[in-house]
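J.: Quick one, structure for this:
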Amino acid sequence: QVQLVESGGGSVLAGGSLRLSCAASGLTYKRYCMGWFRQAPGKERERVATIDGYGTPVYADAVKGRFTISKDNAKNALYLEMNRLKPEDTALYYCAASGYVTPCPEFDYWGQGTQVTVSS
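T.: Just a heads-up that it's a prediction; the model follows:
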């Protein structure tokens, strides 16, 4: 059974930084696509950043240059370093995993989410 558990969310002022972590268990193959998604109140869930089984990242335009996704295959962990945070980054952030190696068209497993709140 695949489990994804996020941590690291919190409240920060605009311009601040946060680092999200995702601990994964139950994945039978470590080189799967993983990613971070977010959903703000009243909005649809959106893709923030993904990383394929070879370590190639893809970022949403809204976070390019500010967020960095990384994965530690040995620890089965996924990270999202978020810098220069803006109020519009406020959302519930989800960790996700896929049965794909590359590309990463869809995701099958989801965590419960961790809240990020950015105030101006």
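
J.: just checking, residue 46 touches residue 39?
T.: Yes: between residue 46 and residue 39 there is a contact under Cβ atoms under 8 Å: 7.2 Å. Glycine gets a C-beta too; all of them are placed from N, C-alpha and C.

J.: In this structure, which residue is most central in space?
T.: In the chain, the residue lying closest to the centroid (Cα atoms, centre = their mean) is residue 36, at 2.2 Å.

J.: what's in contact with the helix or strand where it lies?
T.: Remark: residue 36 resides in strand 34-39, with elements defined by DSSP states H and E. Contacts to strand 34-39, defined as Cβ atoms under 8 Å, 6 or more residues apart in numbering, come from residues 20, 22, 24, 45-51, 69, 71, 78, 80, 89, 91-98, 104, 107, 113, 116.

J.: Flag every buried residue along it.
T.: Buried positions in strand 34-39, judged by neighbour count with 16 or more other Cβ atoms under 10 Å: 34-38.

J.: same thing with stretch 50-65?
T.: 50-53, 58-59, 63.

J.: With respect to residue 9, which of those residues is nearest?
T.: residue 63 (15.5 Å; Cβ to Cβ).

J.: For the closest one, give me its contacts.
T.: Taking Cβ under 8 Å, 6+ apart as the test, what residue 63 contacts is 48-49, 82, 89.

J.: hang on, the earlier thing: mind putting the buried residues of stretch 50-65 in JSON lines, secondary structure included?
T.: Formatted as JSON lines, these follow (DSSP: H, G, I helix; E, B strand; the rest coil):
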{"residue": "50", "secondary structure": "strand"}
{"residue": "51", "secondary structure": "strand"}
{"residue": "52", "secondary structure": "coil"}
{"residue": "53", "secondary structure": "coil"}
{"residue": "58", "secondary structure": "strand"}
{"residue": "59", "secondary structure": "strand"}
{"residue": "63", "secondary structure": "coil"}
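
J.: Distance-wise, check the nearest residue to residue 16 once chain neighbours are set aside relative to residue 12.
T.: Spatial nearest neighbour of residue 16, chain neighbours left out: residue 85 (5.4 Å); criterion: Cβ to Cβ, 6 or more residues apart in numbering. Residue 85 sits 6 Å away from residue 12, going by Cβ to Cβ, to the nearest Å.
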